[in-house]
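Undergrad: The following block contains a protein sequence and its predicted model.
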Amino acid sequence: MKFGGTSVADIDRIRNVARHVKREVDAGHEVAVVVSAMAGVTNQLVAWAREAAPLHDAREYDAVLASGEQVTAGLLAIVLEGIGVNARSWQGWQLPILTSNAHGSARIDEINGAELIKRFRERKQVAVIAGFQGLHKETGRITTLGRGGSDTSAVAIAAAIQADRCDIYTDVDGVYTSDPRVVPRAKRLEKIAFEEMLELASLGAKVLQVRSVELGMVHNVRIFVRSSFEKPEDIDPMSNHPPGTLICDEAEIMEQQVVTGIAFSKDEAQISIRHVPDKPGVAAAIFGPLAEANINVDMIVQNVSADGATTDLTFTVPAADYDRANAVLVKSKSAIGYDHLDGSTDVAKVSVIGIGMRSHAGVAAQAFKALAARQINIRAITTSEIKFSLLIDAAYTELAVRTLHSLYGLDK
Ligand code: ADP
Ligand code: ASP
Ligand code: MG
């Protein structure tokens, strides 16, 4: 059972979480619990670290950020004890949850679940585990897993203890066809395939961290997204179908729609390089230095030159890396040999996702037509087997998302 920040925002909500846990324990289930920091806490910690020094040591950033989850784990264990559930809190280093040393976005390497299972079997002791954090064994330092990382902690622990299911309790009652805060008509999906969820999450739907979906897919953990705001007493713990969304194997989904969901991200920036020579080696000269600077390039569009000499090349980078990417390109100007750069951070990427696209033609063409009718200009397009993404002006994000949501019949 994993509970996110809004679900543990204050002591009252932590009491509510404790009743969800008690319900499952009383029903005879063996459970482990993962918690996030209380709502807003991680943001506050990030802000303090930045205020202390904009360019701080990533190891200390992790030392600061990991504190949020430690507080919630202890509080939930106290509240559980108070209602008669034997519980013990665990921090990442105590379990331990071993990770790489990529501070700020570490990957989980190994978790030993044996101790958790033993304590539950012998003493009915529920482990309350601080999400988002781990330990780099060689240096003995605390690490964190990247924003939203408690989802990944939960799925990794579920895999380590061979759980039947990993329930992610959050502030919505499942995964919707689009972000319900932006598309009021979005509908909850009963089931969604791992591949589709992976695309939704990586293209902007923040409901699950991408890495958690990857882990679920690799280790075959059934992930169930559900609401913590339902009254714990109203739920039948033996029911296999409480309201929520199951993320599962494609084969388990009977009725497959062509389009399953629409995601969007405003954390994008566009860079265009004007008049680059149209000859072999130019793409390498541009993207090599960007890769060396650890800047992720996403959409890439290059024209075939009209005069056989020069062309334009456009691509996107995370908005946070925009200034750095420009600096890298200015530095390599003579090596690349372009005329000038222009770009914008006022762009958004809107993506349409669905496994059904594999076997249907013309899905993207419908979108181009619908957006044109709304006078929305498309700056760049990328496609893959089960999704396509469109880069547009950020001001039109909501309109584009809602238009596409209706177009593909998701409002119904
Ligand atoms: P938690 O704190 O529980 O981890 P998050 O804020 O990380 O919760 O994720 C839940 C939020 O994700 C929802 O409040 C919702 O606004 C947003 N969200 C974005 N896209 C979707 C989607 N397709 N389905 C459901 N929620 C979504
Ligand atoms: N507290 C961390 C964050 O806000 C991890 C999480 O909530 O999943 O990113
Ligand atoms: Mg989250």
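TA: Ah, there it is. Here the structure is a predicted model, which means the values were calculated and not measured. Numbering: from 1, shown residues only. Ligands and ions are numbered 1, 2, ... in the order given.
Undergrad: What residue in the stretch 51-200 of the chain comes nearest to ligand 3?
TA: Residue of the stretch 51-200 of the chain nearest ligand 3, by CB to the ion: Gly148 (4.2 Å). (Glycine included, C-beta is placed from N, CA and C.)
Undergrad: is it fair to say that residue lies in a strand?
TA: No - judged by DSSP: H, G, I helix; E, B strand; the rest coil, Gly148 forms no part of a strand; its state is coil.
Undergrad: Burial check on it, number of neighbours?
TA: Residues within reach of Gly148, counting by other CB atoms under 10 Å, total 21.
Undergrad: and if you look at Lys206?
TA: Using other CB under 10 Å, Lys206 has 14 neighbouring residues.
Undergrad: repeat for the one 5 residues further on
TA: By the criterion of other CB under 10 Å, Arg211 has 23 neighbours.
Undergrad: Kindly report the same for the one 10 residues further on.
TA: Other residues within reach of Val221, judged by other CB under 10 Å, total 26.
Undergrad: ok, back up a step: list phi and psi for the residue of the stretch 51-200 of the chain closest to ligand 3.
TA: Dihedral pair for Gly148: phi 80, psi 10, per degrees, to the nearest 10.
Undergrad: Cross-check the contact I'm expecting between it and Gln209.
TA: Yes - counting by CB atoms under 8 Å, Gln209 is a contact partner of Gly148 at 3.8 Å.
Undergrad: Quick check: neighbours shared by those two?
TA: Common contact partners of Gly148 and Gln209 (CB atoms under 8 Å, 6 or more residues apart in numbering): none.
Undergrad: Just the element for Ile157, please.
TA: Using DSSP states H and E, Ile157 maps to helix 150-160.
Undergrad: elements contacting that helix?
TA: Judged by 3 or more CB pairs under 8 Å, 6 or more residues apart in numbering; DSSP states H and E, helix 150-160 is in contact with strand 2-3, strand 32-35, strand 97-99, strand 108-111, strand 126-130, strand 166-170, helix 210-219.
Undergrad: and the closest residue to ligand 1 within the stretch 301-412 of the chain, what are its phi and psi?
TA: At 9.9 Å from ligand 1, Ile353 is the closest residue in the stretch 301-412 of the chain, using CB to the nearest ligand atom. When read as degrees, to the nearest 10, the backbone of Ile353 gives phi -130, psi 140.
Undergrad: Could you list the contact residues of this protein toward ligand 1?
TA: 4-7, 36, 148, 170-172, 175-176, 178-181, 200, 205-207, 261 (CB under 6 Å from any ligand atom).
Undergrad: Drop anything exposed from these.
TA: 4-7, 36, 148, 170, 172, 175-176, 178-180, 200, 205, 207, 261 (16 or more other CB atoms under 10 Å).
Undergrad: lowest confidence element among the helices and strands of this structure?
TA: Lowest on mean pLDDT, DSSP states H and E among the helices and strands of the chain sits strand 300-302, with a mean of 91.
Undergrad: hmm, back to that, wait, what's in contact with the residue of the stretch 51-200 of the chain closest to ligand 3?
TA: Listed by CB under 8 Å, 6+ apart, the contact partners of Gly148 are 206, 208-209.
Undergrad: out of those, who's nearest ligand 1?
TA: Nearest to ligand 1 among those, with distances taken as CB to the nearest ligand atom, is Lys206, at 4.6 Å.
Undergrad: residues in contact with the closest one?
TA: Applying CB under 8 Å, 6+ apart, we find Lys206 in contact with 148, 179.
Undergrad: Distance check, it against Ile78.
TA: Distance check for Lys206 against Ile78: by CB to CB, to the nearest Å, it reads 29 Å.
Undergrad: Mind giving me the packing neighbours of the longest strand anywhere in the chain?
TA: For the chain, the strand that runs over the most residues, judged by DSSP state E, is strand 261-277. Packing partners of strand 261-277 (3+ CB pairs under 8 Å, 6+ apart): helix 194-202, helix 282-292, strand 310-318, helix 322-331, strand 340-353, helix 397-407.
Undergrad: among the ones you listed, which is the most enclosed?
TA: Mean neighbour count, computed with mean count of other CB atoms under 10 Å, is highest for helix 194-202 among those, reaching a mean of 24.
Undergrad: do it and ligand 2 meet?
TA: No - Helix 194-202 lies out of reach of ligand 2 by CB under 6 Å from any ligand atom, never closer than 12.7 Å.
Undergrad: Which pLDDT does the model give the residue nearest the centre of the chain?
TA: The centroid of the chain falls nearest to Gln209 when counting by CA atoms, centre = their mean (2.7 Å). Confidence at Gln209, expressed as pLDDT, is 97.
Undergrad: ok, now Leu55?
TA: Leu55 is assigned a predicted lDDT (pLDDT) of 86.
Undergrad: That one: what's it in contact with?
TA: For Leu55, the contact set (CB under 8 Å, 6+ apart) is empty.
Undergrad: Give me the neighbour count for the residue in the stretch 251-400 of the chain positioned nearest to ligand 2.
TA: Proximity of the stretch 251-400 of the chain to ligand 2 (CB to the nearest ligand atom) peaks at Asp267, 14.5 Å away. Asp267: 12 surrounding residues under other CB under 10 Å.
Undergrad: Which residue is the nearest non-sequential neighbour of it?
TA: In space, and not counting its chain neighbours, Asp267 is closest to Ala319: 4.8 Å by CB to CB, 6 or more residues apart in numbering.
Undergrad: Next one: that neighbour from Leu390, what distance?
TA: 17 Å.
Undergrad: Show me which of those two is the more surrounded one.
TA: A direct count of neighbours by other CB under 10 Å for Ala319 and Leu390 places Leu390 higher, at 25 against 18.
Undergrad: ok, back up a step: for ligand 3, which of the helices and strands packed on strand 261-277 is the nearest?
TA: Of all the helices and strands packed on strand 261-277, helix 194-202 sits nearest to ligand 3, with 10.2 Å by CB to the ion.
Undergrad: got the CA positions of that closest one in PDB?
TA: Only the C-alpha atoms of helix 194-202 are listed here, as PDB (Å, rounded to 0.1, in the frame of the first residue of the first chain):
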ATOM      1  CA  PHE A 194       1.800  -1.300 -19.000                       C
ATOM      2  CA  GLU A 195       3.100   0.000 -22.300                       C
ATOM      3  CA  GLU A 196       0.300   2.600 -22.500                       C
ATOM      4  CA  MET A 197       0.900   3.700 -18.900                       C
ATOM      5  CA  LEU A 198       4.600   4.000 -19.600                       C
ATOM      6  CA  GLU A 199       3.900   6.400 -22.500                       C
ATOM      7  CA  LEU A 200       1.300   8.300 -20.500                       C
ATOM      8  CA  ALA A 201       3.700   8.700 -17.600                       C
ATOM      9  CA  SER A 202       6.700   9.600 -19.600                       C
END
